[in-house]
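> What follows is a predicted protein model with its sequence.
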Amino acid sequence: MRLVLIDLDGTLLDPPSSERRFIRHLARAGLLGPRQWLSAGLFFLRWTPRYGRAVARKNKAYLCSLEAPRVARIAQAFVAAELLPRLRPAILERLRRHVAAGDALVLLTGAPDFIAAPLARHLGARCCAATPVLRAGRYTAQPPRRHPLGAGKVGLARALARAARMDLRRCVAYADSGDDIPLLRAVGRAVAVSPDRRLTREAARRGWEILRPEPRTGWEERMLETDV
C-alpha cells in the first residue's frame, strides 16, 4: 500500500478554485454582507506583510461571524451540485486505479475543510485541508490554524506518512503548481497535472510524469451551469 496525496484546485478541478466558486455561491445567495466583505478587506491590509502573495489563499475572513454548521450544510450541497460534476475524469480514473491497487488516498488541499471533506468522502479519501478558526461555533477573521499550502504541505504529508507507518519516499503525489514543488520532491513518485510554467520546468528537469487532461469546453461548462 502507498499513500496517494492529491491536490484539489488545478489538479482534480479546472480553474477557478473551489473556494472562489463557493464565495460566488454565498454571494449569490445573499449570505455575504457588509461585515464579511469588510473583514475580508481588512484581512488583506493586516496580513499582506506577513503572507505576501499567499495572502488571498489565507483569507477566510469572508466567513466572519457565519455559523459553522450552516456553512457546512451549504457547502455539502454546493459540492454535490457544483464540484462533483466538474472533477476531471482522467484524474478520477487514475485514482480508481490506485484504489484498485490497494493504495490509500488523501486529499491534501488548501481549500477549506467544509469543501474538502464532502469531496474526500466522495473519493473514498481521508481529508487534510485548511481549517478556519472558530469561536463559539462561528467563524472568525483569523488566518486558518492549519493550512496545507506550499512547503507547509510537506510537514503535513510527513505526519500523515508517519501515522500510516510509511516512508514518504514511497508515496505518490499529484499537484499542479510550482508552490507544490517541495511536496513533489519529497515523495517517491511525483505527477504534475496541468502544471504551471515553474512546475513544468521542474518536472521536465527531474523526469516527473506530466498529465494534461483536456479542459472542459465552453459548451460543456454552460451545460453544467444550466443543469441540463
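Noted; the coordinates are in hand. Residues are numbered from 1 along each chain as shown.

> so Ala68 touches Gly137, yeah?
Yes. Assessed by Cβ atoms under 8 Å, Ala68 is found in contact with Gly137 at 5.6 Å. (C-beta placed from N, C-alpha, C; glycine too.)

> Compare these two and say which is more crowded by neighbours.
Ala68 (16 against 9; other Cβ atoms under 10 Å).

> For the more buried one, list the residues it contacts.
114, 134, 137-139 (Cβ atoms under 8 Å, 6 or more residues apart in numbering).

> make it 6 Å
Contact partners of Ala68, counting by Cβ atoms under 6 Å, 6 or more residues apart in numbering, are 134, 137.

> Tell me the spacing between it and Leu107.
20 Å (Cβ to Cβ, to the nearest Å).

> try Ala75
Distance from Ala75 to Leu107, by Cβ to Cβ: 14 Å.

> what about those two, which has more around it?
With neighbours defined as other Cβ under 10 Å, Ala75 and Leu107 compare such that Leu107 has more, 26 against 23.

> Just say helix, strand or coil for the more buried one.
strand (DSSP: H, G, I helix; E, B strand; the rest coil).

> ok, what's across the strand from it?
Ile6, Cys127 (DSSP bridges).

> residues contacting it?
Contacts of Leu107 by Cβ under 6 Å, 6+ apart are 6, 116, 120, 125, 127.

> burial count for the last one?
So the one you mean is Cys127. Under the criterion other Cβ under 10 Å, the count of neighbours that Cys127 has is 20.

> check contacts around it.
Per Cβ under 6 Å, 6+ apart, neighbours of Cys127: 107, 116-117, 120.

> Gly102: which element?
Following DSSP states H and E, one finds Gly102 outside all helices and strands.

> quick one, phi/psi of it?
phi 90, psi 10 (degrees, to the nearest 10).

> Give me the PyMOL select line for the contacts of Leu107, limited to the buried ones.
Command for PyMOL that selects the buried part of the contacts of Leu107, burial taken from 16 or more other Cβ atoms under 10 Å:
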select buried, resi 6+116+120+125+127
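
> What is the nearest of the contacts of Leu107 to Pro213?
Pro213 lies nearest to Ile6 out of those, by Cβ to Cβ, at 13.4 Å.

> I'd say that closest one and Ala175 touch.
No. Taking contacts as Cβ atoms under 6 Å, Ile6 lies outside contact range of Ala175: 8.1 Å.
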